[in-house]
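*Asks:* Sequence first, predicted coordinates after that:
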Amino acid sequence: MSSQTIPNGLMQRAYLTPNRVAVETPQTSLTFQELHKRVQKVAQQLSFNGVKQGDTIALYMKNRVEFIEILHAISYIGARLLLVNTRLTNEEINYQLTDANVSLLIADETFLIREFQSSITQLTLPALKSSPEAETGFQKRGISRTHSPLCIRLEQQVIQKECCRHMEITGGVLLAQRLI
């Protein structure tokens, strides 16, 4: 079983096949490179809204492209994700939010009419999308074809390294497997 994480998979696809379609709906089509760039922006917007490594974020929305972007962005930051089933009762949702120690609930605007625990910050998708990008926290990274092999440091920057053969976690820094 691979120990590769979700963001590494997306970053690797953006590096290896940047123009291959990653997401396609009747309304839109995104390549892996386009998706990666959008995820980076959403990660910056989440950081602006106070999301940081180690936080638990709840995602309460229907299937849509933004769901995919937020899922990856939360992982890029290093936060944990709680996916909330849209068919649960308020009581069941409140139990999950409390049990998981959720600090932020991101939801489709139609779902926020429900009564949730008042201590949890709630953020609608339009509010997230209109947020500025944070100056600090998650740092944007480009995917370069000129450096091979690459290791990706998920905390702050892309770094070069000679042959990463496997995932290693040292001092809180996660290095990705070789991208060739």
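*Replies:* Perfect, I can see it now.

*Asks:* Helices along the protein, start to end?
*Replies:* Secondary structure of the chain (DSSP state H): helices at 6-16, 32-48, 65-77, 90-99, 125-129.

*Asks:* Is it possible to get TSV of the ones you listed that adds mean neighbour count?
*Replies:* Placement of C-beta: from N, CA and C, glycine included. Below are the helices of the chain laid out as TSV (neighbours: other CB atoms under 10 Å):
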stretch	mean neighbour count
helix 6-16	20
helix 32-48	21
helix 65-77	22
helix 90-99	14
helix 125-129	15
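
*Asks:* okay, residue 86: pLDDT?
*Replies:* Residue 86 carries a pLDDT value of 89.

*Asks:* what do you get for the one 10 residues further on?
*Replies:* Residue 96 is assigned a pLDDT of 92 by the prediction.

*Asks:* so it sits right up against residue 82, yeah?
*Replies:* Yes. Residue 96 is in contact with residue 82 according to CB atoms under 8 Å; the separation is 6.6 Å.

*Asks:* joint contacts of those two?
*Replies:* 58, 102 (CB atoms under 8 Å, 6 or more residues apart in numbering).

*Asks:* helices and strands of this protein: which one has the lowest mean pLDDT?
*Replies:* Taking mean pLDDT, DSSP states H and E as the measure, the chain has strand 158-160 as its least confident helix or strand, at a mean of 31.

*Asks:* All good on my end, thank you.
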